[in-house]
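Q: Starting from these lines, generate the structure:
(one chain, ligands or ions: 1)
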Amino acid sequence: MQRNTIGAFTAFAIFIAIIAPPCGARADNVEPFHTQAVTAADGMVVAQEGLAARIGVDILQKGGNAVDAAVAVGFALAVTYPRAGNIGGGGFMVIHRASGDDTTIDYRETAPAAINSKSFLDAEGKADPQKSRDSALAIGVPGTVAGLALAEAKYGSGRFTLADLIAPAIALARDGVTITDDTADSLPRDLPRLERWPSSARIFLKPDGGALAPGDWLVQPDLADTLAAIARDGPRAFYTGPTADKIAAAVQAAGGVMTAEDLNNYHAVERKPVRGTYRGYDIVSMPPPSSGGVALVEMLNILEGYDLANEDRAQALFLMIEAMKRAYADRAWFLGDPDRVQVPVSYLTSKDYAAVWRGTIDPAHATPAAAIHPGAVVRREGRNTTHFSIADRFGNAVANTYTLNFSYGVGLVAAGTGIVLNNELDDFAAKADSPNAYGLLGYDANAPGPNKRPLSSMTPTIVLKDGKPFLVTGSPGGSLIINTVLQVLTDVIDRHMDIAAAVAAPRVHNQWMPDRVFAEPALPSEIVAALEAKGDSVVVRRLPTSANSILVTPAGFAGAADPRTRGALAVGY
Ligand code: DON
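A: Sure, this is the predicted structure:
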């Protein structure tokens, strides 16, 4: 296998990307702390913004199922949490049905037909982050409307029309919402991205040029009209006709290449989940084009070979970090859009493969990243995001993560539509060995190409016990996401922590390259010292994630909003 893993790799750029991720969850001024879980008997929604979470619970109380609630929350967050909630981006939904079936909806953005492997290079053939992150070339064809509509049509209860579920979002867009919590925190910081476009400035800035401030009203009449058209005519009101024409015109006027035909051709795809097992629990997670499920199951398989519950904390984290290095190396090498490249999912997620990797781990010494070559045995088969978790009294559950990539995406609102557009195409490997905004490397499998879906780290996950929902989780955070889900899961299963404690507990992160372990400030310094003594290079940093999760307990649903970001809410009934 030919690789040039460190080659053009710029550790400095990656370092910056990780310490200041451009994405949705932040940890400013908030140390992780232990909060109480919210408990309820009949249903639970945990989302990043409270108005939207309450809309979801209202749907559950009216007899809706978890999918109905997820669709209503998905549209509502597009209005109330504009940095990440969206109809101009894309994402993934994992669904467990009370009948026992599990499925996923892939509504990831696609590259416009005119994108090719050179689209994000400069004149010298080097990766050009300005093109892939800050220009209209970065905008992928949005998938959210198609994905939410597909989920509702196939898995909604039938008690509500799509229009019923969009109605609360339309009202909030038309009447306005007050600026508070995380939106108040993020708008001033992301102002430079938004103020470049008059269509965006008109919505998010005050006439004096400052960002909307706490207590100001965010009123979005164009978005209300766009949502009303979708409510009336279904997703074709977004992908064809005047809305599609306005999106294409806005993207092209800003220098991008998306056409109305690209929008006409977009389809959300239902895919079989990635499955695994861990100490008697079933893991149901997102398959490619997300790397999340594969990497999560791969790490859990490696870790199952150790008695984590009885290891001391530093050693358990050391082993987890070793698993992270190996799974993220495989991510970089093997994973991409499954409709374009052959991804060896069943091999990477097998117990045998994990055993081979486990054999390369020295429990006393950290393995340098450069010594890890993706594919322990080579055998091939043939930055803003938000996560919400929902469980209903019928036994259904939904884990949904969706994104614009950066906060407020590329910052461009398509004039006349109110739609904030993503910059998702930076998740492609613009060039082999050139890191994306989250410092992730990629190779041919994730090269940019026409109509292709960029590889994601989003990891909406449902853990089942005896076929029934046990844990519903996921997170924003770019490359941090997969390891966040891993740690919430092992904190609950191995350390028997309650869900609030597991969500709040300090986390660590390693993504193979750079060869660093990032640790949250609340991690005890003795543990940092123990990891360093074994050879890991540890950097203490806030890690902006937000794992809004639900645990199903004998006493009912326990919901935990992640305390790292203001405004998240667990609410049940
Ligand atoms: O799909 C992905 O992996 C990234 N675009 C997610 C970005 C993200 O999580 C940013 N939020 N904090």
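
Q: Show me the beta-bridge partners of whatever residue of the stretch 151-300 of the chain ends up closest to the ligand.
A: Residue nearest to the ligand within the stretch 151-300 of the chain (Cβ to the nearest ligand atom): residue 290, separated by 7.2 Å. C-betas here are computed from N, CA, C, even on glycine. Beta-bridge partners for residue 290, by DSSP bridges, are residue 456.

Q: which residues touch it?
A: Residue 290 sits next to 92, 106, 108, 455-459 when contact means Cβ atoms under 8 Å, 6 or more residues apart in numbering.

Q: ok, so what distance separates it from residue 535?
A: 31 Å (Cβ to Cβ, to the nearest Å).

Q: Could you do residue 274 as well?
A: 32 Å.

Q: cool, residue 258 as well?
A: For residue 258 relative to residue 535 (Cβ to Cβ), the value is 47 Å.

Q: Also residue 235?
A: Residue 235 is 52 Å from residue 535, by Cβ to Cβ.

Q: do the same with residue 547
A: 29 Å.

Q: In what element of secondary structure is the closest residue to residue 418 other than its chain neighbours found?
A: Closest residue in space to residue 418, ignoring its immediate chain neighbours: residue 223 at 2.8 Å, by Cβ to Cβ, 6 or more residues apart in numbering. Assigned by DSSP states H and E, residue 223 belongs to helix 221-233.

Q: which helices and strands does that helix pack with?
A: With contacts taken as 3 or more Cβ pairs under 8 Å, 6 or more residues apart in numbering; DSSP states H and E, helix 221-233 sits against helix 66-80, helix 162-175, helix 236-239.

Q: Pick the most deeply packed of those helices.
A: Mean neighbour count (mean count of other Cβ atoms under 10 Å) peaks for helix 66-80 among those, with a mean of 30.

Q: State the separation between it and the centre of the chain it belongs to.
A: 16 Å (Cα atoms, centre = their mean, to the nearest Å).

Q: ok, then the element right after that helix?
A: Downstream of helix 66-80 (by DSSP H and E), the next one is strand 90-96.

Q: pretty sure residue 112 contacts residue 138?
A: No. Using Cβ atoms under 8 Å as the test, residue 112 is too far from residue 138 to be in contact (10.8 Å).

Q: Who has more neighbours out of the two?
A: The residue with more neighbours, out of residue 112 and residue 138, is residue 138; 28 against 24, by other Cβ atoms under 10 Å.

Q: what does the model give the more buried one for pLDDT?
A: If you check residue 138, the pLDDT there is 98.

Q: okay, which residue is most central for the chain?
A: residue 458 (3.4 Å; Cα atoms, centre = their mean).

Q: Need the phi and psi values for that one.
A: Phi and psi for residue 458, reported as degrees, to the nearest 10, are phi -70, psi 130.

Q: Contact partners for it?
A: 91-92, 286, 290, 292, 385, 387, 401-403, 474, 481.

Q: and which of those is nearest residue 526?
A: The closest of the contacts of residue 458 to residue 526 turns out to be residue 481 (Cβ to Cβ; 27.6 Å).

Q: Give the burial count for that closest one, as a bare number.
A: 33.

Q: Just give the nearest non-adjacent residue to it, would you?
A: residue 457 (4.6 Å).

Q: my guess is residue 355 contacts residue 305, does it?
A: Yes. With contact defined as Cβ under 8 Å, residue 355 and residue 305 form a contacting pair (7.0 Å).

Q: what touches both of the two?
A: Common neighbours of residue 355 and residue 305 (Cβ under 8 Å, 6+ apart) do not exist.

Q: ok so, going back, the residue of the stretch 151-300 of the chain closest to the ligand and residue 460, how far apart?
A: 8 Å.

Q: Overlap in contacts, the two.
A: residue 92.

Q: The stretch 451-573 of the chain against the ligand: which residues are in contact?
A: 456-458, 476-478, 481 (Cβ under 6 Å from any ligand atom).

Q: For the protein, which helix or strand comes out least confident on mean pLDDT?
A: Scoring the helices and strands of the chain by mean pLDDT, DSSP states H and E places helix 11-19 at the bottom, with a mean of 40.

Q: all strands of the stretch 251-400 of the chain, in order?
A: Secondary structure of the stretch 251-400 of the chain (DSSP state E, counting those that start in this stretch): strands at 269-271, 274-278, 281-285, 385-392, 397-403.

Q: would JSON lines of the helices and strands packed on helix 221-233 with distance to the ligand and mean pLDDT be doable?
A: Putting those into JSON lines (distance: least, Cβ to the nearest ligand atom, whole Å; pLDDT from 0 to 100) gives the following:
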{"stretch": "helix 66-80", "distance to the ligand": "14", "mean pLDDT": "98"}
{"stretch": "helix 162-175", "distance to the ligand": "22", "mean pLDDT": "98"}
{"stretch": "helix 236-239", "distance to the ligand": "21", "mean pLDDT": "98"}
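
Q: for those helices, which one sits closest to residue 193?
A: helix 66-80 (18.0 Å).

Q: and residue 36, what pLDDT?
A: 89.

Q: List the contacts of it.
A: Applying Cβ under 8 Å, 6+ apart, the residues near residue 36 are residue 500.

Q: ok, so what distance separates it from the ligand?
A: As for residue 36, its distance to the ligand is 25 Å (criterion: Cβ to the nearest ligand atom, to the nearest Å).

Q: got a list of what residue 55 touches?
A: Contacts of residue 55 (Cβ under 8 Å, 6+ apart): 72-73, 76, 168-169.

Q: let's see 10 Å
A: 45, 47, 49, 69, 72-73, 75-77, 80, 165, 167-169, 171-172 (Cβ atoms under 10 Å, 6 or more residues apart in numbering).

Q: ditto for residue 395
A: Residue 395 neighbours (Cβ under 10 Å, 6+ apart): 65-66, 96-100, 467-469, 552.

Q: Repeat the analysis, applying 7 Å as the threshold.
A: By Cβ atoms under 7 Å, 6 or more residues apart in numbering, the residues touching residue 395 are 98, 468-469.

Q: what's around residue 221, how many residues?
A: For residue 221, using other Cβ under 10 Å, the count is 12.

Q: Renumber starting at 700 from here on
A: Sounds good: first residue 700 from here, last item residue 920.

Q: if we can go back for a sec, would you mind telling me which of residue 1246 and residue 1234 has more residues around it?
A: residue 1246 (30 against 13).

Q: was I right about residue 734 contacting residue 1262?
A: Yes. Residue 734 is within contact range of residue 1262, at 5.3 Å (criterion: Cβ atoms under 7 Å).

Q: mind listing what's buried in whichever strand or helix holds residue 1181?
A: Using DSSP H and E, residue 1181 sits in helix 1179-1192. Within helix 1179-1192, the residues scored as buried using 16 or more other Cβ atoms under 10 Å are 1179-1192.
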